[in-house]
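K.L.:
I would like to see how this sequence folds:
(chains A and B, ligands or ions: 2)
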Amino acid sequence: MQPNVNVVSLVSIGRHPQSGRARRAEQDGRAVELGLKLVQDKLTLLHAGNAHETVLRQYAGMGLDGFTVLPQGEGDDAVPVLVAYFKANRQHHSRQIVLTGVNAESGESSGMLPYLLAEQLGWPIVPRIADIVRVDEFEAEVLLALPRGQRRVVTVSLPFIASVDSAAQEPRQSAFARGLRATLTTLDYGSRVDDAVSHWQVAPAKPKPKRLKVVKAKTAADRMKAATAKPVGGGGKVLRNESVEEQAQAIFDLLLEEKVIR
Amino acid sequence: MMLDWLPPTLIGVLLVLAGVGAIRRINLWRAGQAEEVAILAGLMAMPTRYLHDLHHVVDRDKYISRTHVATGGGFVLAMALIVLVHVFGVNNTLLAWALMAALVMMFCGALFVFKRRLNPPSRLSKGPWMRLPKSLLTFSVTFFVLTLPAAGILPDGTGRWVFTLVLSALILLSLSEVLLGMTWGGPMKHAFAGALHLAFHRRSERFGGGRSTGLKPVLFSDNDAVNKVHGVAKPSDFKWNQLLGFDACVQCGRCEAVCPAFAAGQPLNPKKLIQDMVVGFAGGSDAQYAGSPYPDGKGGVQEVGYAKGGADQIITDGLIHPDTLWSCTTCRACVEECPMMIEHVDAIVDMRRFLTLEKGDTPNKGAQVLENIIATDNPNGHSPESRTYWAADQNLALMKDVKKAEVLFWVSDGAFDMRSQRILRAFVTLLKAAKVDVAILGDEERDSGDVARRLGDDATFQSLAKRNLATLSQYRFSTLVTTDPHAFHCLKNEYGDFGSTALDGVEVLHHTTFLNRLVKEGRLRLDTFKGGKVTYHDPCYLGRYNGEYEAPRELLASLGIDIAEMERSAFRSRCCGGGGGAPITDIPGERRIADMRMEDVVSTGAEMVAVGCQQCTAMLEGVVEPRPVVKDIAEILVGQLVEEVH
Ligand code: SF4
Ligand code: SF4
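P.N.:
Ligands and ions are numbered 1, 2, ... in the order given. Take a look at the predicted model:
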């Protein structure tokens, strides 16, 4: 059964790390994927920015008939208009879950947006989630993504904002034609120029020079070995000569330590 | 009791019923989409297309081509004369004798059909097809006897009523097969649908020795199309003449016998696929299918009888599993071998287009590769700025700087791959040795769109094609050469659909063709090759797609190499498994196609296999050692190059 909640996936325009070209952002794609999992095509796909950006259709192509844009100019601040949108929506929608990425791939990409939104709306923020396991009209069981593959279940009451971690289910393929057909709804909640940003100077980051590893390998196989060889030492243990029992015990201890089993 | 009226009446009634069946069948085809064809010209050209083009393919199997000429020719002649003699009662001894001669010819042919069916190879369908020779024999004997009186051999009225009744029963039996079966869906359907298919073929350029291998573009710009489904979801989304084409299949299984995916135990059998298409537009299930089923990818087969379809039902919902479509390497071996000139690859890509464009369901690495191509113009997501790194030490002119050159070298995505770079460098060395005025596009070049197109993403293909054409149109060159047969095919045969003049008057060549010219003009000095035995693997996109079988062979011969040909070479070459995005979608089978091809190589006793494609190189080199060495022809030539000393 589908829960009677309004799930909104808030998406931004991503930037491909190699080509610098606009694309569906990695984590925002995951936010849409999670939204689709929860409420299928009832999901609201929301973007504050340029309504004619074709990348938005890549999100819609994941299985939505339409998407909503709050038109903004270059350098406008997305927060106030989003706050206005959600406040307006609070009246005619029961409960909301807002999903975003952890941080954007372009613009400030400070990851502050979900926090600022939560602060101004007075909603809880659940950072870096991997999944939402259960949802009803009042609360949701959310899986937090912790380092080293660990997970923690927390229960949050609705409405809330969650940022979706890279550990969440990866976004499904976008169907070009489906995106092409998706209808665009634009809603005007005003706009406000972000003064701070207009004073900034943006320059491409320079990669730190890396020390070259000189590989004297002659064959491709040797090169492969050199490239994949792990530095020795560090964490972990290699148990080769111990008895089977000792080896099993070591694995068991590790699982306990990592709280995989209790 | 006189029953003389019975045989003519029977024949007449059955003819009318066959006519009704024909109209029904035609209506089934008309469920497809509109497509312009030259109706009259097609019908007029049909006999030549049959006698020349179709017979040419059938003739690769002499046994069956002779059998078919006797049986088919005898039948057509006999049927025409039967109408004259027995239906219209034309009383002419000469006609009767001619009819009997035709029947004897048909009888002889049918005997050979019968013989082939005694122990049929696995590629042939069984079921009703096993009955066909018997029906043909019955037909010829029955009408022979029936014609005896007209020929004056037996006096009129010999027919006692019992005799007439028996003859009538036999007439009913045999005519049901050859007349009703033709239009109501028996084995003889191939004659009726086949004739019309030849007349209204979607690629009429193929007849008369022509070649037509480029895929047809999906229409996006057309506003009506925005709300229409892209690609083929249901049988009725095919063009009507594609449906007609499926109906022409004789289930000879020649396609099955050459399909590399089928041999590898992947879930594809081109014959079954075409039969499933027929099930699709005619409605029903595949329970009647009596040929080899699809393999299940695990060494067994998929059970027949559970696939269901209808003209307006989604094909991948119960008729065909998507894996069947994704197993195809688009090698065109089936199309090349099909005596009915059916276009399997078109159909497969049409259905893939629906899966990719509408459902977003390209399997395995497909989605990621497409996303990379969209974002970086190369399938592995490398930075577009690193495209020319391979040429850092090659001192190659960039088109951006020189604006014009005699030859533009299209580098292709091999630029990002270390193994392919060796081929690129070898080719550049040869160009320099021959003092060719050459330039490359450098970072302005993009993926040709080949993989995107074969994976069904025609939007991305078209976007790449248009951007590439826009780049090309800024520069002047008379020849474009590439070492990648896939890019070669796109540039030569598929870029023409986008209204650009960038390639007008430009000769697009594969590097082997170009090098062969240089050698013939004496611009390359080469030593004789003294290594061991060498065989040559024809890349599908160079051979079957573009008909270039000679240049690579001439090049090798110019080095004094006497090629140890593989059994499957030239137009019959077996795919390496690398085409059509197959390594990306990676549908499991029992064996790998590349391994099978390497076995072909090994069986010639060759120590080296020469290829003309970086993809083939990658696939064949992926076979575990020990195995023969794999080298591109450019690399072999470079090894024999005599450097001039100044
Ligand atoms: S598709 Fe062509 S080659 Fe294959 S079985 Fe049918 S007629 Fe024969
Ligand atoms: S194109 Fe090649 S792989 Fe595809 S069905 Fe035909 S023979 Fe098989």
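
K.L.:
Who are the packing partners of the helix or strand hosting A:Ile161?
P.N.:
Assigned by DSSP states H and E, A:Ile161 belongs to strand A:160-164. Applying 3 or more Cβ pairs under 8 Å, 6 or more residues apart in numbering or on different chains; DSSP states H and E, one finds that strand A:160-164 contacts helix A:26-39, strand A:96-101, helix A:113-121, strand A:125-135. (C-beta placed from N, C-alpha, C; glycine too.)

K.L.:
Show me the shaky parts of the chain.
P.N.:
All of this refers to chain A. A:1-2, A:91-94, A:213, A:215, A:229-235 (pLDDT under 70).

K.L.:
sorry, should have said chain B
P.N.:
For chain B (pLDDT under 70), the answer is B:1-3, B:155-159, B:221-227, B:644-646.

K.L.:
at 80 instead, please
P.N.:
When residues are selected by pLDDT under 80, those of chain B lie in B:1-4, B:151-161, B:221-227, B:643-646.

K.L.:
Can I take it that A:Glu105 is in a strand?
P.N.:
No: the assignment for A:Glu105, made by DSSP: H, G, I helix; E, B strand; the rest coil, is coil rather than a strand.

K.L.:
Was I right to think B:Phe354 contacts B:Val229?
P.N.:
Yes: B:Phe354 lies in contact with B:Val229 (Cβ atoms under 8 Å); the separation is 6.7 Å.

K.L.:
Need the overlap of contacts for those two.
P.N.:
In terms of Cβ atoms under 8 Å, 6 or more residues apart in numbering or on different chains, B:Phe354 and B:Val229 are both contacted by the residues B:Asp237.

K.L.:
Which one's more surrounded, these two?
P.N.:
Just comparing B:Phe354 and B:Val229: by other Cβ atoms under 10 Å in any protein chain shown the higher neighbour count belongs to B:Phe354, 25 against 16.

K.L.:
quick one: the residue nearest to that one when sequence neighbours are not counted and B:Pro187, what's the gap?
P.N.:
Closest residue in space to B:Phe354, ignoring its immediate chain neighbours: B:Gly231 at 3.4 Å, by Cβ to Cβ, 6 or more residues apart in numbering or on different chains. Using Cβ to Cβ, to the nearest Å, B:Gly231 is found at 32 Å from B:Pro187.

K.L.:
one step back: what about the residue nearest to B:Phe354, helix or strand, and which?
P.N.:
Secondary structure assignment for B:Gly231, by DSSP H and E: no helix or strand.

K.L.:
Now for it: which residues touch it?
P.N.:
Residues near B:Gly231 by Cβ under 8 Å, 6+ apart: A:177, B:218, B:237, B:350-358, B:456, B:458.

K.L.:
again, but for A:Glu105
P.N.:
Counting by Cβ under 8 Å, 6+ apart, A:Glu105 makes contact with A:Ser12, A:Ile13, A:Gly14, A:Arg15, A:Pro17, A:Arg23, A:Ala25, A:Glu26.

K.L.:
any chance you could read off phi and psi for it?
P.N.:
Main-chain torsions, A:Glu105, degrees, to the nearest 10: phi -100, psi -10.

K.L.:
ok, now how distant is it from chain B?
P.N.:
Per Cβ to the nearest Cβ, to the nearest Å, A:Glu105 is found 11 Å from chain B.

K.L.:
Check the secondary structure at the residue nearest the centre of chain B for me.
P.N.:
Residue closest to the mean C-alpha point of chain B, counted by Cα atoms, centre = their mean, is B:Val335 at 1.7 Å. Under three-state DSSP, B:Val335 falls in the helix class.

K.L.:
Please parse the chain into its domains.
P.N.:
Let's take chain A. As assigned by automatic domain parsing, chain A contains the domains A:6-198, A:206-262.

K.L.:
my question was about chain B
P.N.:
Domains of chain B are assigned by automatic domain parsing as B:9-199, B:234-344, B:366-519, B:521-639.

K.L.:
between those domains, which gets nearest to A:Val154?
P.N.:
domain B:366-519 (31.6 Å; Cβ to Cβ).

K.L.:
Show me how far that closest one is from its chain's centre.
P.N.:
Taking Cα atoms, centre = their mean, to the nearest Å, one finds domain B:366-519 lying 26 Å from the centre of the chain it belongs to.

K.L.:
Stretch A:104-112 too?
P.N.:
12 Å.

K.L.:
Name the SS class of the residue of the stretch 51-200 of chain A found nearest ligand 1, please.
P.N.:
In the stretch 51-200 of chain A, the residue found nearest to ligand 1 is A:Ala177; the distance is 29.2 Å by Cβ to the nearest ligand atom. Under three-state DSSP, A:Ala177 falls in the helix class.

K.L.:
For it, the count of nearby residues, please.
P.N.:
When neighbours are counted by other Cβ under 10 Å, A:Ala177 registers 26.

K.L.:
check contacts around it.
P.N.:
A:Gly61, B:Val229, B:His230, B:Gly231, B:Leu357, B:Glu358, B:Ala459.

K.L.:
need the residues you listed in CSV with distance to ligand 1 and secondary structure, can you?
P.N.:
Formatted as CSV, the contacts of A:Ala177 follow (distance: Cβ to the nearest ligand atom, whole Å; DSSP: H, G, I helix; E, B strand; the rest coil):
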residue, distance to ligand 1, secondary structure
A:Gly61, 35, coil
B:Val229, 26, coil
B:His230, 26, coil
B:Gly231, 21, coil
B:Leu357, 26, helix
B:Glu358, 26, helix
B:Ala459, 30, helix
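
K.L.:
Looking at these, spot the one nearest B:Gly209.
P.N.:
After measuring those against B:Gly209 - Cβ to Cβ - the closest member comes out as B:Gly231, at 31.2 Å.

K.L.:
Got the phi and psi for the closest residue to A:Lys225 other than its chain neighbours?
P.N.:
By the measure of Cβ to Cβ, 6+ apart, the closest residue to A:Lys225 outside its immediate chain neighbours is A:Ala217, 7.3 Å from it. Backbone torsions of A:Ala217, given as degrees, to the nearest 10, read phi -60, psi 150.

K.L.:
Distance check, A:Ala217 against ligand 2.
P.N.:
Using Cβ to the nearest ligand atom, to the nearest Å, one obtains 37 Å as the distance from A:Ala217 to ligand 2.

K.L.:
Confirm for me that that residue is in contact with A:Thr228.
P.N.:
No: contact criterion Cβ under 8 Å: A:Ala217 and A:Thr228 do not qualify, at 11.8 Å.

K.L.:
who has more neighbours, the two?
P.N.:
A direct count of neighbours by other Cβ under 10 Å for A:Ala217 and A:Thr228 places A:Ala217 higher, at 12 against 7.

K.L.:
Relative to B:Glu635, how far out is that one?
P.N.:
Here the criterion is Cβ to Cβ. By it, A:Ala217 lies 21 Å from B:Glu635.

K.L.:
do the same with A:Val156
P.N.:
For A:Val156, the distance to B:Glu635 equals 62 Å [Cβ to Cβ].

K.L.:
Can you pull the residues of chain A lying near chain B?
P.N.:
With Cβ under 8 Å from any Cβ of the partner chain as the criterion, chain A meets chain B at residues A:16, A:18-19, A:21, A:23-24, A:61-63, A:172-178, A:180-181, A:220.

K.L.:
These in strands, which ones?
P.N.:
A:Arg23, A:Arg24 (DSSP state E).

K.L.:
Restricted to buried residues, select the residues of chain A next to chain B in PyMOL.
P.N.:
Only the buried entries of the residues of chain A next to chain B go into this PyMOL selection, using 16 or more other Cβ atoms under 10 Å in any protein chain shown:
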select buried, chain A and resi 16+18+19+23+24+61+62+63+172+173+174+175+176+177+178+180+181
